[in-house]
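1. Quick one: sequence plus predicted model below, questions after.
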Amino acid sequence: MSSLLIHNIGMLVTPEGTEARRGADQGTLRVLENAWVYTENGEIISYGDRNMPITMGEKLDAGGRLVTPGLVDAHTHLIFGGWRQNELAMKLRNVPYLDILAAGGGILSTVKATHAATEDELAAKAGAVLDEMLAFGTTTCEAKSGYGLDKNEELKQLKVIKRLNKEHPLDLVPTFMGAHALPPEFKENREDYLKLLCEVMIPAVAKQKLAKFCDVFCETGVFTAEESRRILECGRQYGLIPKIHADEIDAIGGSQLAGEIGAISAEHLIVCPEEGIQSMAQGGTVACLLPATSFYLNAAYAPARKMIEAGVPVALASDFNPGSCPCLNLQLVMNIACLKYRLTPEEVLTGVTLNAAAAIGMADKVGSIDRMKQADLVIWDAPDLNYLCYRLGSNLAHTVIKKGVKYHG
Ligand code: IZC
Ligand code: ZN
């Protein structure tokens, strides 16, 4: 048995429970001063501010620092070949994201670079990204395919996710996103690609148990709301839980659809209309917001406050990808969520921990400091949560603990 007692915690801050927190509950945290956490075999056994257990196992002095749950990144496009730094000059000339895509660049250029890469190359590259994520305090991460757009190429990406989940300390949760763009060769026959998705790719992914979720880019020039419905319903028949990229650039019905079909989460929601918010509130959908993408696209910010007021649980994620957000730093996401969404530090912490875990079906295992959950914790170079959300641009993660094992400390 291995055990770890973290003591001399100046402030322990965490949301509580195994479900997404909405409304006023999103901003209600448990706060303990002069606290400790005791873990055994990678699980949280107990914590408190009194009656610290006497143990012969390993001890870690937190030095009076802040401790929170490990951060959960609920939305990443982790596996890809190449980068897209060549798009920066176009962005600076105000060429829109969807125009770059329509001209065969954007996602489609990453598709080419991903096809050209071997599984080993993709794993080495994404593994280095995961190392960096862990150093910034992320202990669980969702990862999408979607740069294959072809059965074997999509399976290749998902196999890399499966392999990294075994090899790397971070937990990875896989999402199939074959509906990320329409391959150019299907431009004149969209129906054939929809059939390929529903009749070939989704069944193959499900058979090999390579994904937990199915995601669609519901956007002008990509997939319509009706096409998205069809793909997500098909995925569900094969056991893949629906997720959707909705209202990122244009509101074409994605958020309404998310609530109607009971999607576990809807992502982006930059231009989410009132009806979309209501639909998500009714459908129990988590709004997974990506503030660093708004920053990077010089776009508007999702109406996060309205969502919280309407009882929609808000999660916050990086959207790490080579185009619209080449940033994996959830601390920066927390800063932007405070400053631009006007969320409180308490609401933000719930957004990057428990609600993010709920958005990827992991709220029973991670996302809070609760008994029997995984011992995923971060000791921050910060005295309290306000300080963590206030400092900008430094990595404040002091020690990152994943399943009771210490990293970067
Ligand atoms: O590669 O541009 N929005 N998909 C939808 C992305 C951004 C990733 C990309
Ligand atoms: Zn995305």
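-> All right, it came through fine. Ligands and ions are numbered 1, 2, ... in the order given.
2. Tell me who's in contact with Cys389.
-> Cys389 makes contact with 334-335, 338, 345, 348 under the criterion CB atoms under 8 Å, 6 or more residues apart in numbering. The way it works is simple: take the backbone N, C-alpha and C, and place the C-beta from them, glycine included.
3. again but with Ala126, I slipped
-> Applying CB under 8 Å, 6+ apart, we find Ala126 in contact with 78-79, 143, 160, 164.
4. Mind splitting this structure into its structural domains?
-> What automatic domain parsing lists as the domains of the chain is 3-69+366-407, 72-359.
5. Out of those, flag the one nearest ligand 1.
-> Among the domains of the chain, the nearest to ligand 1 by CB to the nearest ligand atom is domain 72-359 (3.0 Å).
6. ok, back up a step: looking at the contacts of Cys389, which one is closest to Asn8?
-> For the contacts of Cys389, the closest approach to Asn8 (CB to CB) belongs to Pro345, at 22.5 Å.
7. Give the buried residues for stretch 96-115.
-> The neighbour-count check on stretch 96-115 (16 or more other CB atoms under 10 Å) flags 97-98, 100-101, 105-111, 114 as buried.
8. near ligand 1, which of the residues you listed show up?
-> Intersecting those with the contacts of ligand 1 gives 106-107, 110 (criterion: CB under 6 Å from any ligand atom).
9. Let's have those in JSON lines, adding distance to Phe320, pLDDT and secondary structure.
-> JSON lines is the format used below for these (distance: CB to CB, whole Å; pLDDT from 0 to 100; DSSP: H, G, I helix; E, B strand; the rest coil):
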{"residue": "Gly106", "distance to Phe320": "16", "pLDDT": "95", "secondary structure": "coil"}
{"residue": "Ile107", "distance to Phe320": "14", "pLDDT": "96", "secondary structure": "helix"}
{"residue": "Thr110", "distance to Phe320": "13", "pLDDT": "98", "secondary structure": "helix"}
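10. if we can go back for a sec, buried subset of the contacts of Ala126 as a PyMOL selection?
-> In PyMOL, selecting the buried portion of the contacts of Ala126, with burial taken from 16+ other CB under 10 Å, looks like this:
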select buried, resi 78+79+143+160+164
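11. which one of the contacts of Ala126 is nearest Leu88?
-> When the contacts of Ala126 are ranked by distance to Leu88 (CB to CB), Leu78 comes first, at 21.2 Å.
12. ok, the closest one touching Ser145?
-> No. Counting by CB atoms under 8 Å, Leu78 stays clear of Ser145, with 9.5 Å between them.
13. Quick check: neighbours shared by the two?
-> When CB under 8 Å, 6+ apart defines a contact, the residues bordering Leu78 and Ser145 alike are Ile161.
14. Just say which of the domains of the chain is most tucked in.
-> The highest mean neighbour count among the domains of the chain, using mean count of other CB atoms under 10 Å, belongs to domain 72-359: a mean of 21.
15. quick one: terminal-to-terminal distance for that one?
-> For domain 72-359, the first-to-last residue distance is 10 Å (CA to CA, to the nearest Å).
16. same check, this time on stretch 38-51
-> When the end residues of stretch 38-51 are compared by CA to CA, they are separated by 11 Å.
17. any idea of the mean pLDDT for that stretch?
-> Mean pLDDT, taken over the full extent of stretch 38-51, equals 97.
18. List the contacts of the least confident helix or strand in the chain by mean pLDDT.
-> Evaluated with mean pLDDT, DSSP states H and E, the helix-and-strand set of the chain has its lowest mean pLDDT in helix 97-102, which scores a mean of 92. Helix 97-102 has contacts (CB under 8 Å, 6+ apart) with 87, 90, 106-108, 181, 219-222, 249, 297, 323-324.
19. So which of these belong to helices?
-> Using DSSP state H, the members of the contacts of helix 97-102 that fall in helices are 87, 90, 107-108, 297.
20. Quick check, Gly393 in contact with Ile336.
-> No. Using CB under 8 Å, Gly393 makes no contact with Ile336, being 11.5 Å away.
21. and the stretch 1-150 of the chain, which residues reach ligand 1?
-> Counting by CB under 6 Å from any ligand atom, the residues of the stretch 1-150 of the chain that sit close to ligand 1 are 77, 106-107, 110.
22. How about the stretch 251-400 of the chain?
-> Applying CB under 6 Å from any ligand atom, we find that the stretch 251-400 of the chain lies next to ligand 1 at 321-324.
23. Thanks a lot, see you next time.
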